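J.: predicted structure and sequence below. I'll ask about it afterward.
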Amino acid sequence: MNPIITLTTDFGLTDAYVAAMKGVILSINPEVKIIDICHIIRPQDVPQAAFILGTACPFFPRKTIHVVVVDPGVGTERRAIILRTPSADFVAPDNGVLSYVIQQSLTKLVEDKANSQYVELGPELEAIAITKPRFWRSPVSSTFHGRDILAPVAARLSLGFSPIDFGEAITSVVMLPLSHPYHAPDGSLVGQILHIDSFGNLITNIKSDDLPQAKQAITIEVGNQLISGLSRTYTEGRGLLALIGSSGYLEVSLKEGSACAYLNAEVGDEVRIR
């Protein structure tokens, strides 16, 4: 099977940035398959990119190479890295955009902090700081490392180069302060909205396993609205409903409408399970 490289960026669809990266990759390895995960990440929104990548990458074949370019610190001293997991390689800025990928491989949850932090990697993860310019395009633009550094490195990984060929081993990388649901003193489970998809569905950080076994007996409180029990599909009942979505997270949806618009909801808003 031909190697696969995926791209996740905030470049949008109206400029040539994505095409330029694909051109660089194909110039080095014409046999590679390039798959677009998403290019309409909100500009510089590292948490959104981390979530989107984390929900998509588990469904790709082993040894897929995932390139992420949501990089508000491009041109600064922030590192570019390769992260090798047991199932895939990731090429990205070291700014937390790989947080969900890393979290899935950690045995100990990283507790919430006010800011991004470094986390020590376990033995199942290998990280390399990309430091060897001979693998980059020249000259390197200070505003487009995706084209000039990350794309050529990913292309050469697809040809069989080892991550260590591109730089120096590191033992810690940046993690975002990922939020986790918690139990309030009144016994309710408190989570928050992680992501709002293009349909206006509110995807929370509450997973199916976080909910009690009697899922139909719960009440979901979001904004000033109450939802009784869980639905199985987006078409059940009327108005607002809650269900476990395809990514395994609790979602709040509005039948034939946008829950986001209806509730005037934002990422970070509280969702409470009683």
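T.: Right, received. Where do you want to start? This is a predicted model, so every value here is computed, not measured. Numbers count the residues shown, from 1 in each chain.

J.: quick one: residue 102 is in a strand?
T.: No: Residue 102 is assigned helix when assessed by DSSP: H, G, I helix; E, B strand; the rest coil, not a strand.

J.: and it, what does it touch?
T.: Taking CB atoms under 8 Å, 6 or more residues apart in numbering, we find residue 102 in contact with 83, 119, 121, 125, 173, 175. For glycine as for every other residue, the C-beta is placed from the backbone atoms N, C-alpha and C.

J.: any chance of these in CSV, plus pLDDT and distance to residue 4?
T.: Formatted as CSV, the contacts of residue 102 follow (pLDDT from 0 to 100; distance: CB to CB, whole Å):
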residue, pLDDT, distance to residue 4
83, 98, 16
119, 88, 27
121, 89, 24
125, 93, 20
173, 95, 23
175, 93, 26
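
J.: now, which of those sits nearest residue 160?
T.: Among the contacts of residue 102, residue 83 lies closest to residue 160 (CB to CB), at 17.9 Å.

J.: okay, now the spatially closest residue to residue 194 that is not a sequence neighbour: neighbour count?
T.: Spatial nearest neighbour of residue 194, excluding adjacent residues (CB to CB, 6 or more residues apart in numbering): residue 205 at 4.9 Å. Residues contacting residue 205 under the criterion other CB atoms under 10 Å number 18.

J.: tell me the mean pLDDT for the host helix or strand of residue 205?
T.: Assigned by DSSP states H and E, residue 205 falls within strand 202-207. For strand 202-207, mean pLDDT rounds to 96.

J.: cool, stretch 96-111 as well?
T.: When pLDDT is averaged along stretch 96-111, the result is 75.

J.: what do you get for stretch 221-234?
T.: 92.

J.: figure out the length between the terminal residues of it.
T.: This stretch, stretch 221-234, spans 18 Å end to end (CA to CA, to the nearest Å).

J.: ok, now stretch 133-142?
T.: 14 Å.

J.: ok, residue 190 - how many residues close by?
T.: 15.

J.: confidence score at it?
T.: Looking at residue 190, the pLDDT reads 96.

J.: OK, contacts around it?
T.: Here residue 190 is in contact with 181, 182, 183, 184, 270, 271, 272, 273 (CB under 8 Å, 6+ apart).

J.: buried ones among these?
T.: 181, 271, 272, 273 (16 or more other CB atoms under 10 Å).

J.: just put those residues in CSV and tack on distance to residue 51, secondary structure and pLDDT.
T.: Listed next are those as CSV, based on distance: CB to CB, whole Å; DSSP: H, G, I helix; E, B strand; the rest coil; pLDDT from 0 to 100:
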residue, distance to residue 51, secondary structure, pLDDT
181, 15, coil, 94
271, 16, strand, 96
272, 21, strand, 95
273, 20, strand, 94
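
J.: before we move on, the earlier item: these two touch, right, the residue nearest to residue 194 and residue 181?
T.: Yes: using CB atoms under 8 Å, residue 205 is in contact with residue 181, at 5.9 Å.

J.: mind listing the shared neighbours of those two?
T.: Listed contacts common to residue 205 and residue 181 are 191, 192; contacts here mean CB under 8 Å, 6+ apart.

J.: can you list the buried ones among the contacts of residue 190 in a markdown table and add distance to residue 147?
T.: Output for the buried ones among the contacts of residue 190, formatted as a markdown table (distance: CB to CB, whole Å):
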| residue | distance to residue 147 |
| --- | --- |
| 181 | 39 |
| 271 | 39 |
| 272 | 45 |
| 273 | 45 |
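
J.: so what does residue 47 look like in phi/psi?
T.: The phi and psi values for residue 47, taken as degrees, to the nearest 10, are phi -60, psi -40.

J.: got it, and residue 86?
T.: phi -60, psi -20.

J.: what sits against residue 273?
T.: Shown in contact with residue 273 (CB under 8 Å, 6+ apart): 188, 189, 190, 191, 206, 211, 218, 219, 220, 221, 250.
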